[in-house]
Structure formats: structure tokens, C-alpha cells
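Student: model the structure of this input:
(one chain, ligands or ions: 3)
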Amino acid sequence: MTRYPNLFRPLDLGHTTLKNRVLMGSMHTGLEETKDWNRVAEFYAERARGGVALMVTGGMAPNREGGVFPGAAGLFTPDDIANHRIVTDRVHQAGGKIAMQILHAGRYAYSPDCVGPSPVKSPISPFPPKELDEDGIEKQIADIATAAARAREAGYDGVEVMGSEGYFINQFLVTHTNKRTDRWGGSYENRMRLPIEVMKRVRAAVGDDFIIIYRLSMIDLVPNGSTHEEVVQLAQEIEKAGASIINTGIGWHEARIPTIATSVPRAGFAWVTKKLMGKVGIPVITSNRINTPEIAEEVLSEGCADMVSMARPFLADAHFVAKAEAGQSALIAPCIACNQACLDHTFSGKISTCLVNPRACHETELQIQPATQTKKVAIVGAGPAGLSTAITAAERGHAVTLFDKSDEIGGQLNMAKKVPGKEEFWGLVDWFGASLEAARVTVQLGQTVGAEDLDGFDEVIIATGVLPRDPGIEGQDGPNVLGYVDVLRGGAEVGKRVAIIGAGGIGFDVAEYLVEDTPSPTLDLQEWKAQWGVGDPEETPGGLSPKGPQPEPPKREVVLLQRKQEKPGKRLGKTTGWIHRAALKLKNVEMKAGVNYERITAEGLWISSGEARENPQLLEVDTIVLCAGQVSERSLADALREKGITAHVIGGADVAAELDAKRAINQGVRLAATL
Ligand code: FAD
Ligand code: NAP
Ligand code: SF4
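Tutor: Numbers count the residues shown, from 1 in each chain. Ligands and ions are numbered 1, 2, ... in the order given. Next up, the predicted model:
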């Protein structure tokens with residue numbers, strides 16, 4: 001008997017049946033652009049083997065002008081069809097089903113050739129779209145229908161028509177982007193014409209026995225977005241026009257409300273999909289921040305949707321569904337919604353992968369094979385670098401002993417998890433714990449390891465992490481000065497007025513920790529919605545609250561400082577930095593760049609500005625928290641070297657600059673794969 005009866009109930013679509021209620025949502029991984037179709041096929045086949053009912057590919061352009069960027073993958077030529085066939089065949093051999101997403105970017109295309117309903121430039125692309133004439137619109141519809149027919153020819157089980165997130169089809173629906181006065185603009189009937197026409201033509205192109213998912217924007221989160229009545233009306237028309245399933249889209253890409261970041265509550269938008277339940281006769285899928293089988297089951301049992309879509313969780317663990325079915329939920333590698341290795345990579349032109357699973361999108365190159373010779377392996381340091389090495393090495397058959405001086409595993413992740421909005425890190429540490437046990441790693445906690453303790457091992461791995469950097473500021477030994485470790489680990493008492501020295505990832509996190517009250521809004525959906533100004537789409541078009549953001553007052557008065565002249569937070573995650581900056585702004589955190597730290601006295605912190613050290617100023621604060629970066633903890637590595645013992649040094653112990661858990665885990669898994 002499964003613990004997830006709703007999740008594992010098959011879904012009958014008439015001409016075909018989905019074996020469970022889990023869809024792998026579309027993700028642009030960059031794999032298709034490598035043109036290594038074996039690699040693309042293996043990525044999807046691995047997930048098909050993992051038991052997901054239906055997968056949706058990354059967005060495929062229906063024509064050149066609709067590509068998200070010049071050269072974006074699509075399905076244009078007979079060669080393309082043959083390449084996609086490699087993917088669909090491999091997925092079918094693995095027992096899976098796959099649909100191709102057709103994505104026309106419209107004004108979001110990063111190209112001077114982009115087109116749209118009206119020449120309204122988007123804030124996320126430098127190119128204003130060319131306004132389409134009647135023939136131009138007909139061409140776009142025809143190209144989308146042709147792409148669907150080609151998808152069928154390439155062996156796909158269906159297509160997803162991307163009608164949300166502010167892309168081309170969505171741009172016709174709202175007056176902000178559609179200023180037309182012809183039959184494609186003006187009244188809602190006219191603005192709705194394009195999606196309905198697309199759906200009819202796609203259905204006509206593919207026949208009845210083919211899945212068509214329509215991704216519909218249920219809450220635009222932009223000013224003058226669709227009203228709830230319009231959303232319902234569109235869904236009903238899309239059903240009539242031939243869709244098999246409606247999938248949920250949340251927020252346009254230009255929206256200034258986080259929709260998938262780690263600080264968004266789990267299943268934080270399922271309530272929006274629920275509003276459509278009962279209003280259409282076809283299955284409805286919900287999405288966004290669903291990352292465990294328990295949450296997925298809850299969403300389904302509460303009647304929020306007929307099916308759940310998860311995307312990034314399938315980067316974190318290709319076998320999510322199979323593990324859930326086998327009752328091994330604790331062994332599912334959790335997607336912590338950090339975006340660090342997936343979306344941040346995409347937006348930097350790199351292939352996506354996953355912070356917790358470096359094999360994601362590297363399936364053909366990074367293989368974890370049983371070891372040819374079993375070794376005794378010692379690993380010192382149970383942070384992410386040591387943990388990932390230990391688990392992978394033990395899974396390969398090595399006898400692994402993992403040491404840490406602390407009485408808990410996790411290293412710095414135990415500080416990260418204390419930060420409001422980073423609660424997902426608890427699950428990450430728990431998963432490491434469950435995986436250590438499953439892989440039978442011998443764990444010795446509370447043991448500070450010296451060079452003398454490491455005799456008798458075939459391989460020694462040093463993953464001792466980092467130490468806080470000493471910024472050497474006059475007066476820093478005073479009672480009003482704390483380090484970030486004292487605050488986040490030790491629970492040291494912090495005054496009401498605080499200056500934070502250092503505005504890197506840790507400085508920002510400490511600021512959030514100090515201004516936010518518990519429990520964090522991430523654990524309280526109503527508070528989170530109020531904080532960001534998410535309203536009820538039944539009351540306000542687009543779902544933006546008319547009151548705007550209503551954050552709780554800050555718990556402390558905080559000023560965040562850095563020496564560099566650049567904008568504080570500039571080097572934070574590409575897709576999440578703006579959220580951290582906005583969150584602190586909502587709490588009135590003051591940010592100062594280009595400062596010099598002169599000295600600390602009982603009254604506070606003396607700073608000056610610029611190279612000439614001008615404008616000396618006393619910041620009258622009760623506490624100063626040092627977040628001035630980190631240096632490698634190499635004392636053990638150095639002692640071993642002196643004794644002539646060869647060791648591998650990984651994670652922060654290897655290089656502290658720009659260290660994060662992504663690099664630590666990647667290095668650990670890759671080393672373990674070679675031992
Ligand atoms: P560590 O995590 O530092 O682990 C080293 C371990 O070695 C420790 O457990 C220590 O006790 C042990 N050790 C040291 N010496 C000895 C010895 N002689 N004997 C036995 N044990 C020893 N990264 C991200 O990617 N995303 C984030 O969102 C993020 N947020 C963060 C938030 C905060 C507040 C902090 C502090 C860090 C955050 N990081 C984040 C950074 C991330 O946690 C680190 O990059 C990562 O933990 C480094 O991994 P590591 O295994 O090299 O070292
Ligand atoms: P960091 O990002 O390198 O920031 C260090 C800060 O300290 C900078 O603001 C730097 O700015 C300042 N600084 C450096 N030397 C100093 C000195 N001698 N005196 C005073 N200030 C000094 O490092 P971090 O904040 O310690 O974070 C450590 C790592 O954890 C980072 O690499 C980061 O990637 C990772 N992390 C990631 C996240 C995430 O969300 N992805 C969150 C937390 C941490 P100035 O030099 O301009 O003063
Ligand atoms: Fe999830 Fe982070 Fe992995 Fe992306 S990188 S899939 S957000 S855990």
C-alpha cells in the first residue's frame with residue numbers, strides 16, 4: 001500500500017493513460033544546443049527509468065523569430081526530426097512518455113528579430129518587438145502548428161503549448177503588451193483569439209490521439225494582468241479548442257515577486273490552481289515549489305489539482321518517483337530551490353546541472369561505477385564536500401570512515417539552515433544523513449582529527465572547510481563585536497542596532513537572520529503573500545495586492561557594509577540576487593558601499609569613504625558582526641604534507657574564494673568517482 005495514494009493513481013486521458021500524477025515540467029538545460037543528442041536522450045531516459053509519468057522537454061522554438069535567443073533549439077528541418085527521434089526512442093525504451101514544449105518567446109526573445117502583438121519592449125530584453133501584421137500573426141500560428149505536427153513525427157507523445165510566463169501567446173492576452181485595435185486586440189474576446197486559434201490549429205495538426213498540454217498563466221503578478229474571470233474563460237475556451245490538459249503558469253518573467261526561489265513557501269501557489277478546479281472538464285496540473293512526495297500528495301488530496309508538475313526536483317534526483325513508490329522518500333535528493341546550478345547556469349550561458357546532483361545533465365560523462373578495487377578511505381570533514389565524497393565512494397563499494405570534530409554532520413550548511421528563507425537546507429542535511437546510513441559509511445563525530453589519526457587508510461581526503469577571515473580592524477576584540485559563527489551557530493545576543501561588515505552571501509544571510517522574526521514568512525504562506533504583495537486574483541487583475549508589499553516591521557535596525565564601490569549584492573546568484581536585495585529593502589536595511597573601516601569603539605563603528613578616507617563617520621550601533629569572507633582551514637592538510645602523507649584536499653580546504661556548496665559537492669562526487 002503506497003503512502004501516496006493520490007500521487008500513484010493513474011490518469012486516463014482517453015487515448016492513453018499516465019501511470020501516475022507526476023509531470024516533469026519543462027526546463028531549459030542547454031543540452032539541446034550542444035547538439036549531442038545521445039547526451040540529451042540519456043538525460044531524459046534516466047528520468048523515464050526513474051518512474052515519472054510524463055516529461056516535458058525544454059522550450060523548442062517553432063521558428064527563428066520565436067527562439068529565446070538566436071540559435072535556440074527548435075524543430076525546423078528533417079534533420080531536427082531525426083535528432084529528436086533519438087530522444088523519444090530512448091525514452092520509450094525506458095518505459096516513459098515525453099511531450100515537446102513549443103515555446104515562442106515573442107518580446108522576451110533576446111534578438112533584434114523578435115516579434116509581438118505590439119512594439120512594447122520588455123524590461124528583460126533590450127530589443128523592442130516588431131509589431132506583427134495579419135500575415136505575420138498567421139505565420140506564427142502556422143509555425144506553431146507545424147512544430148506540433150513535426151513533434152508527432154519525431155515520436156513525441158504530446159506537446160505543451162507555452163501560453164504563460166509572459167511569452168508570445170501570453171503577450172496577446174493583456175492590454176499592457178497588446179495595444180492592437182484589430183481583431184487580435186481590444187476586447188478580451190479579441191485578445192483571446194490567438195491562444196484559441198493556436199490550440200485549434202495544433203489539435204488539427206496532430207489528430208485526436210496526441211496529448212496537448214496548454215500552459216496557462218493563472219496569476220500574472222504584473223500590473224494590469226489577466227483577471228480571474230478571464231483566466232477561467234480562457235481555460236474553458238482552450239478546453240473546447242482541443243487541449244488534453246491545462247498546466248499552471250505562475251508569474252511573468254518580468255514579475256518582481258519571487259515564484260520559485262527557495263524563500264517561496266512550498267506549494268506556495270497551489271491555491272491559485274485550485275481556483276480553476278471544477279471549472280473545466282480536463283485535468284489540471286499545479287506547479288511551483290513542490291519538492292517532496294509528501295507535499296505533492298497533500299496538494300492532490302486537498303483538491304488543488306489533478307496532477308503535479310515538478311521540474312528542478314528531477315535535476316536533483318532522477319529517481320524521485322521510483323524512490324517515493326518504494327517508500328524511500330528520505331533518500332530522495334532534495335531540490336533546495338537555490339537555482340545555483342540550474343537557472344543561474346542557464347542565464348550565464350552554461351549547461352544546467354544541480355547543486356545536490358552534479359550528474360544532472362552530465363549523465364554520459366560522470367558515471368558512478370562499482371570500484372574495481374575496494375579501498376579503506378578516510379574523509380575528514382562532514383561538510384558538503386566530505387559528505388558527498390563519502391556517500392559516492394561508499395556507494396561504489398569502498399569502506400569509508402567520515403570524521404568531524406562537530407557533533408553533527410553538515411558543516412556550514414548548519415548555519416545556512418538557520419537563515420529565514422533557507423529552511424530547505426534542513427532537508428539537505430537530513431538527506432545527507434539518510435544517505436550516509438544507506439551507504440553504510442562509518443561516521444565518527446565529535447573527533448578532531450590530527451595527522452597521527454590517519455594511518456592505515458588507502459586514501460585520505462581532507463575536507464576541513466574554512467575559517468572566518470580576520471579583517472584586522474582596530475577594536476574588533478571588543479565585547480560589541482561578533483563573528484557570523486557566533487550569531488548563527490552560537491545564538492549570541494545581538495543588540496537592536498547592528499552594523500554588518502561584509503556584504504557577500506553570508507553578510508546578506510546574516511542581515512536576513514537579524515531583521516526577520518520567527519517563524520520565517522517562508523513557513524507562513526499568508527505572511528509571505530502579505531510581505532511580497534501577492535493578492536487574490538479574484539479581487540485584483542494579475543493578483544497583485546492593491547496594498548502593495550506589507551512586510552512585518554524589522555526586528556532590528558541593520559546597516560550592511562562593503563569596501564568595494566559596486567552595488568552590494570551584485571555578485572549574489574544571477575536569478576536570486578534581486579530577491580535578497582528586495583527582501584532586505586522591505587526591512588529597511590541600509591546598504592553602504594565604498595567604505596573604509598577605521599576602528600571600533602564602545603560607541604560603535606567608525607567608517608570613512610573612498611580612497612582618500614574622507615567623511616569620517618560614527619555608526620552608532622550596539623553590535624558589529626564580522627562577515628568578511630573566509631580562508632581555507634588547511635592545518636591538517638599541511639601537517640600531513642609535512643609527514644609525507646599524500647592526501648586529496650577538496651572543498652573550502654582546497655580553495656576558499658568563491659566557495660559554495662555547489663562547488664564543494666561537485667568536487668566531492670567527481671573525486672569519489674575516480675577513487
Ligand atoms: P564546511 O562546510 O566548512 O565543512 C568542513 C567540516 O570540517 C566542518 O564540519 C568542520 O567541523 C570539519 N573539520 C574541520 N577541521 C576538522 C578536523 N581537524 N577534524 C575533524 N573535522 C574537522 N553555499 C551555497 O552553495 N548556497 C547557499 O545558499 C549557502 N548559504 C550559506 C549560508 C551561510 C550562513 C553560510 C555560513 C554558508 C553558506 N553557503 C552556501 C556556503 C556553503 O555552506 C559552503 O561553501 C560549504 O559548506 C563548504 O563545504 P566544505 O565541505 O568545503 O566545508
Ligand atoms: P564573500 O561572498 O566573498 O563576501 C565576503 C565579504 O567580505 C565581501 O563583501 C567583501 O567585500 C568583504 N571582505 C573581504 N575581505 C575583507 C576584509 N579584509 N575586511 C573587511 N571586509 C572584507 O564571502 P562570504 O559572504 O563569507 O561567503 C562565503 C561563501 O559562501 C561565498 O563564496 C558564497 O558563495 C557562499 N554563500 C553563498 C550563498 C548563496 O546564497 N549562494 C549564501 C551565503 C554564502 P569588500 O572586499 O568589498 O569589503
Ligand atoms: Fe534545485 Fe538548486 Fe539543484 Fe536547481 S541547483 S535543481 S534549484 S537544488
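
Student: how is this structure carved up into domains?
Tutor: The chain breaks down into these domains under automatic domain parsing: 11-105+112-346, 376-468+631-674, 481-517+552-628.

Student: tell me the secondary structure for Glu437?
Tutor: helix (DSSP: H, G, I helix; E, B strand; the rest coil).

Student: burial count for it?
Tutor: 13 (other Cβ atoms under 10 Å). From N, CA and C alone the C-beta is placed, and that goes for glycine too.

Student: which residues touch it?
Tutor: With contact set as Cβ atoms under 8 Å, 6 or more residues apart in numbering, Glu437 has no partners.

Student: again, but for Ala105
Tutor: Ala105 touches 59, 61, 66-68, 72, 114, 167-168, counting by Cβ under 8 Å, 6+ apart.

Student: go again using 6 Å as the cut-off
Tutor: 66, 68, 167 (Cβ atoms under 6 Å, 6 or more residues apart in numbering).

Student: swap in Ile607?
Tutor: 595, 617.

Student: now do the SS call for Lys662.
Tutor: Once three-state DSSP is applied, Lys662 turns out helix.

Student: go ahead and confirm it touches Leu355.
Tutor: Yes: contact criterion Cβ atoms under 6 Å: Lys662 and Leu355 qualify, at 4.3 Å.

Student: now do the shared contacts for these two.
Tutor: In contact with both Lys662 and Leu355: 340-341, using Cβ under 6 Å, 6+ apart.

Student: neighbour count for the two, which is higher?
Tutor: Leu355 (26 against 19).

Student: which positions in the stretch 251-400 of the chain make contact with ligand 3?
Tutor: Near ligand 3, the residues belonging to the stretch 251-400 of the chain are 312, 315-316, 335-342, 354-356 when assessed by Cβ under 6 Å from any ligand atom.

Student: contacts for the strand ranked longest in the chain next, please.
Tutor: Using DSSP state E to assign secondary structure, the strand with the most residues in the chain is strand 211-219. With Cβ under 6 Å, 6+ apart as the test, strand 211-219 has contacts from 99, 157-164, 170, 202, 231, 235, 238, 243-250, 272, 537, 543.

Student: in helices, which of those appear?
Tutor: The helices, defined by DSSP state H, take in 170, 202, 231, 235, 238, 272 from the contacts of strand 211-219.

Student: for Ile124, report the pLDDT, please.
Tutor: As predicted, Ile124 sits at a pLDDT of 87.

Student: contact partners for it?
Tutor: Here Ile124 is in contact with 253-254 (Cβ under 6 Å, 6+ apart).

Student: one more time with 10 Å, if that's ok
Tutor: 107-108, 110, 166, 252-254 (Cβ atoms under 10 Å, 6 or more residues apart in numbering).

Student: name the helix or strand for whatever residue of the stretch 151-300 of the chain ends up closest to ligand 1, please.
Tutor: Taking Cβ to the nearest ligand atom, ligand 1 has its nearest neighbour within the stretch 151-300 of the chain at Thr262, 7.7 Å off. Using DSSP states H and E, Thr262 maps to neither a helix nor a strand.

Student: pretty sure it sits against Glu423.
Tutor: Yes: taking Cβ atoms under 10 Å as the definition, Thr262 is a contact partner of Glu423 at 8.1 Å.

Student: neighbour count: the two, which is higher?
Tutor: Thr262 (23 against 20).

Student: so what's the more buried one up against?
Tutor: With Cβ under 10 Å, 6+ apart, Thr262 has these contacts: 289, 291, 335-340, 419, 421-425, 522, 576, 579.

Student: adjacent strands (with direction) for the longest strand of the chain?
Tutor: strand 158-163 (parallel), strand 245-250 (parallel) (DSSP bridges).

Student: just say which of these is most tucked in.
Tutor: Of all the strands paired with strand 211-219, strand 158-163 carries the top mean neighbour count, a mean of 28, counting by mean count of other Cβ atoms under 10 Å.

Student: how far off centre is that strand?
Tutor: 22 Å (Cα atoms, centre = their mean, to the nearest Å).

Student: same question for stretch 20-31.
Tutor: 13 Å.

Student: avg pLDDT for whatever helix or strand Arg152 lives in?
Tutor: Element membership of Arg152, judged by DSSP H and E, is helix 134-153. Per-region confidence: helix 134-153 scores 97 on mean pLDDT.

Student: can you tell me which residues in the chain are near ligand 2?
Tutor: Within the chain, the positions near ligand 2 by Cβ under 6 Å from any ligand atom are 340, 469, 471, 501-507, 509, 562-564, 573, 627-630, 658-660.

Student: residue ranges of the strands in the stretch 301-450 of the chain, please?
Tutor: Here the stretch 301-450 of the chain has its strands, by DSSP state E, counting those that start in this stretch, at 307-310, 376-380, 399-403, 442-444.

Student: check which helices and strands the helix or strand following the shortest one is in contact with.
Tutor: Going back to what we said before, that points to strand 442-444. Beyond strand 442-444 on the C-terminal side, the first helix or strand identified by DSSP H and E is strand 459-462. In terms of contacts (3 or more Cβ pairs under 10 Å, 6 or more residues apart in numbering; DSSP states H and E), strand 459-462 is packed against strand 376-380, helix 384-395, strand 399-403, helix 635-643, strand 648-649, helix 661-672.

Student: and with 8 Å instead?
Tutor: If contacts are counted by 3 or more Cβ pairs under 8 Å, 6 or more residues apart in numbering; DSSP states H and E, strand 459-462 sits against strand 376-380, helix 635-643, strand 648-649.

Student: got JSON lines for the ones you listed, with mean neighbour count and mean pLDDT too?
Tutor: Shown next, in JSON lines, are those (neighbours: other Cβ atoms under 10 Å; pLDDT from 0 to 100):
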{"stretch": "strand 376-380", "mean neighbour count": "24", "mean pLDDT": "98"}
{"stretch": "helix 635-643", "mean neighbour count": "16", "mean pLDDT": "95"}
{"stretch": "strand 648-649", "mean neighbour count": "22", "mean pLDDT": "98"}
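
Student: nearest to Glu134, of those?
Tutor: strand 648-649 (65.4 Å; Cβ to Cβ).

Student: what pairs with the closest one, parallel or antiparallel?
Tutor: strand 459-462 (parallel).

Student: any idea how far Asn63 lies from Glu230?
Tutor: 27 Å (Cβ to Cβ, to the nearest Å).

Student: how about Ala439?
Tutor: 52 Å.

Student: equivalent analysis for Leu315, please.
Tutor: Taking Cβ to Cβ, one finds Leu315 at 34 Å from Glu230.
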